[in-house]
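Engineer: Sequence first, then the predicted structure, then my questions.
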Amino acid sequence: MSKILVEGGPRLTGTLRTLGAKNAVLKEIVSTLLAPGRHHLTNVPSILDVELMARVLEHTGCRIEHGDHELWIVVPDEPRPEAPIELVRQMRASIVVLGPLLARCGEARVALPGGDDLGARPIEMHMQGLEQMGASFELIHGELVGRIDGRLKGTEIELPFPSVGATENLIFGGVLAEGETVIVNAAREPEIQDLIAQLNSMGADIRGSGTSLVTITGVEGLVPVEHKVLPDRLEAGTYAVAGAITRGDVTVTGCHPDHLRMELTKLEAAGCEVERGNGWLRVIGPERPEPIDFATLPYPGFHTDMQPQMVALLSLSTGTSVITENIYDARYRYVGELARMGADISIEAQHAIIRGVHGLSGCPVLAPDIRAGAALVLAGLAAEGVTEVSNPSHIDRGYEDFVGRLSSLGARIERS
Ligand code: EPU
């Protein structure tokens, strides 16, 4: 079993260039299903989840060619409309094939993802929206079998919560539907804006990108294009916290600091010096962070996927911070691991109460999911002694060469 070994101490300094965004590229791979032919994606990060999504598409009959941070996807005239449990289980995001397969094939057989390390994660909003557009679903032996009669039909769908995945599935459903689809209370994440840009350049007619009212006029067909994936704000944010937690000085280039507005504001409130410009940001960490409070919320609120990294930082602060997690019901599972390193954190319902301590001490810990895994490595960078993070494949799902990139900033880190 491979592990990441990190020896705390060094201040991280230097510059890193942001790679492409995981949560955009995964959906941009799927959106190619909507148009037969040869698609080209550039700025593709070399991460495990991209491999898994490529396998999902291969299962539908697509041919994938890999290049250096680019992918070519050749989509057949008649994709096979199914995503099997072996793949869906490894990556819940596979559920976004539902909309494109229904739209292209008139049916979709997608294994039901079930919950994961972040909680129950139901998908009723995806299904109810597609049902309003004329799809019907049956659950047969753990597989969701969806069908439509003719084309999906545009209609107005009001989401009870701005779910990222449901917004994406409904956009996918709407682009080839008959008439106009209106999504009220749509998610506004930059990754969805990038997906809309890709779809519009394929010939879709989607308006309201970046707002909570997205209107889609269905078209007869789409064409393959070349698309460059936007920079990963979560990768940029994670390296910013690496600078902060080591009292370091880290510059991240090739990113959009605007996409991390709330997270950078909170880093400043915690005593970091933050500079930002067009396409770059720089974070200089304080001797010890100050305590702050924040609540995770849909974009443009504080991103839940930056919560564990921030909790690692605040575990070393000079006072008590209160964090409220509003997106997931089980996002604090990693806190027990941080506590083993000496953090003083109690959980009450969706709140984490973090009493800052003077230091953490390295020990063996287990990475429970992508972001918590990254956060434990960050804690290890600041801890005394060696932290041994097991299950690093979780980190590989979302971060390209995490160990190599941290070591380029001066971290004492290796993979065993
Ligand atoms: N939800 C429902 N019903 C639904 C849909 C969602 O109850 O029908 C709940 C979920 O259970 C969850 C919350 O709503 O508690 C948010 O879910 P959402 O649909 O917005 O998230 P997602 O599409 O499943 C994406 C990212 C996550 C990120 C969230 C929130 C991808 C592949 N995943 O998930 O990224 O945390 O949006 O921004 O885009 C990560 O990168 O580490 C990660 C987990």
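Structural biologist: Sure, I can see it.
Engineer: all contacts plus neighbour counts: C-alpha atoms, from now on.
Structural biologist: Will do.
Engineer: Give the buried residues for stretch 219-233.
Structural biologist: 219, 222-225, 227-233 (16 or more other Cα atoms under 10 Å).
Engineer: ditto for stretch 140-160
Structural biologist: Applying 16+ other Cα under 10 Å to stretch 140-160 flags 143-148, 151-155, 157, 159 as buried.
Engineer: is the ligand contacted by it?
Structural biologist: No: residues of stretch 140-160 are not located near the ligand by Cα under 6 Å from any ligand atom, the shortest gap being 9.0 Å.
Engineer: Pull the distance from that stretch to the chain's centre.
Structural biologist: 24 Å (Cα atoms, centre = their mean, to the nearest Å).
Engineer: So what touches it?
Structural biologist: With Cα atoms under 8 Å, 6 or more residues apart in numbering as the test, stretch 140-160 has contacts from 102-103, 106-112, 125, 129, 132-139, 173-174, 176-186, 217-218.
Engineer: Could you give the bridge partners of residue 144?
Structural biologist: residue 110, residue 139 (DSSP bridges).
Engineer: Find me the pLDDT at it, would you?
Structural biologist: Residue 144 is assigned a predicted lDDT (pLDDT) of 93.
Engineer: Residue 376 versus residue 77, what's the distance?
Structural biologist: 45 Å (Cα to Cα, to the nearest Å).
Engineer: now do residue 75
Structural biologist: The gap separating residue 75 from residue 376 is 39 Å, by Cα to Cα.
Engineer: one step back: from the buried residues of stretch 140-160, which ones fall inside strands?
Structural biologist: Here DSSP state E is the test, and the buried residues of stretch 140-160 give 143-147, 157 as lying in strands.
Engineer: re earlier: more neighbours: which of residue 77 and residue 376?
Structural biologist: residue 376 (27 against 15; other Cα atoms under 10 Å).
Engineer: and the nearest residue to residue 342 once chain neighbours are set aside, how many neighbours does it have?
Structural biologist: Distances taken as Cα to Cα, 6 or more residues apart in numbering put residue 360 closest to residue 342, at 5.1 Å, once the chain neighbours are dropped. Other residues lying near residue 360 total 25 when counted by other Cα under 10 Å.
Engineer: now the one 3 residues further on
Structural biologist: The burial count assigned to residue 363 is 20, neighbours taken as other Cα under 10 Å.
Engineer: ok, it - contacts?
Structural biologist: Residue 363 sits next to 340-341, 385-388 when contact means Cα under 8 Å, 6+ apart.
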